[in-house]
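In: What follows is a predicted structure for the sequence shown.
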Amino acid sequence: MSASAVISALFRKELRSFLGNPTGYVFLTLFIVASAAAAFLTDSFFSRNLADLATLNRWMPAILMFFVPAITMGLWADERSTGTDELLLTLPVRDGEVVLGKFLGALGVYTVGLLFSLVNVVVLAYLGDPDAGLMFATYLGYWLMGALFVAVGMVGSMFTANTTVAFILGALGCASLVFAGTAPWASAIVGVVLLGALGALKWAVYFGRAASIGALLSAAIGLLLWLGGARLGLGTWFSDFFGSVGAPSHFASFGDGVLRLGDIAFFVGGTAVALYLCTILISRRHW
């Protein structure tokens, strides 16, 4: 079976399983309602008197922080709870093909929700004269940010067979991208947590057990770098570094109608890194 056939089959499976379930339509409805409320049910929208989605742009990262993990929580958790993951991993397919097929399926669900949310643009067109280029850039930013959150949610779903736990892990991963850069202390905490998560992942991959030891060691190193740098007069370099992974700051240019190569590279590169981590975790299960 060719790679494209495998990816296409998994894409259709994930899309059908989500949209063929009433829960999927509940998600789409809530997503549309939440985005419309954030866009129009605020005093700032009418006081600005501009036909844009600036008010929604401020809330969209937080909205995706909760809605995207709802899409990804069952991608691997359901497979593990039902035992079908063993069958999937014994098929003559590459790990990357499995990851990419499931990712595209979840991204397809998110894209459908995003297309339905274009009703916001219809409302803007009724109230005023929105700029087509600005709307395109804004929705491209929504899509790229959602793709990154889908990939992060997939990583969270791989660690458990419980969909609720998978949702929490995915939401925490997305939350780290949302809150990084909002304040120096928040960025520093995100840095410590990310170092701990990477340590746990590395420990689990190379040693196969006691991932908590790697998490504690890496988090302790991050804490020392943060506090030690401030103690030695090195400023806020630790928080500044991890503040650069904040999704809202990289999305801001899209909301202004500007397509910056660096911001596009951030979302595409972050998505690729998360998918690569998924591939490593799958290959670890073959050992």
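Out: Received it, and whenever you're ready, just let me know what you need. Residues are numbered from 1 along each chain as shown.

In: This structure: helices as residue ranges?
Out: Secondary structure of the chain (DSSP state H): helices located at 3-19, 22-40, 43-48, 54-82, 84-90, 95-116, 119-127, 132-157, 163-179, 184-207, 211-231, 237-243, 247-255, 261-285.

In: Any buried residues in the fourth one, and which?
Out: Spelled out, it's helix 54-82. 55-57, 60-80 (16 or more other Cβ atoms under 10 Å). Any C-beta I mention is one placed from the backbone N, CA and C, and that applies to glycine too.

In: quick one: low-confidence parts of the chain?
Out: Within the chain, the segments meeting pLDDT under 70 span 1-3, 83-92, 181-243, 284-287.

In: show me the contacts for the residue lying closest to Leu104 once chain neighbours are set aside.
Out: Among residues not flanking Leu104 along the chain, Phe11 sits closest, at 4.6 Å (Cβ to Cβ, 6 or more residues apart in numbering). Going by Cβ atoms under 8 Å, 6 or more residues apart in numbering, Phe11 touches 101, 104-105, 108.

In: Out of those residues, flag the one nearest to Leu115.
Out: Gly108 (10.5 Å; Cβ to Cβ).

In: Share the number of residues neighbouring that closest one, please.
Out: 18 (other Cβ atoms under 10 Å).

In: Burial check on the residue nearest to it when sequence neighbours are not counted, number of neighbours?
Out: Distances taken as Cβ to Cβ, 6+ apart place Leu15 nearest to Gly108, at 4.9 Å, with adjacent residues excluded. Neighbour count of Leu15, defined by other Cβ under 10 Å: 19.

In: residues contacting Leu15?
Out: Per Cβ under 8 Å, 6+ apart, neighbours of Leu15: 105, 108-109.
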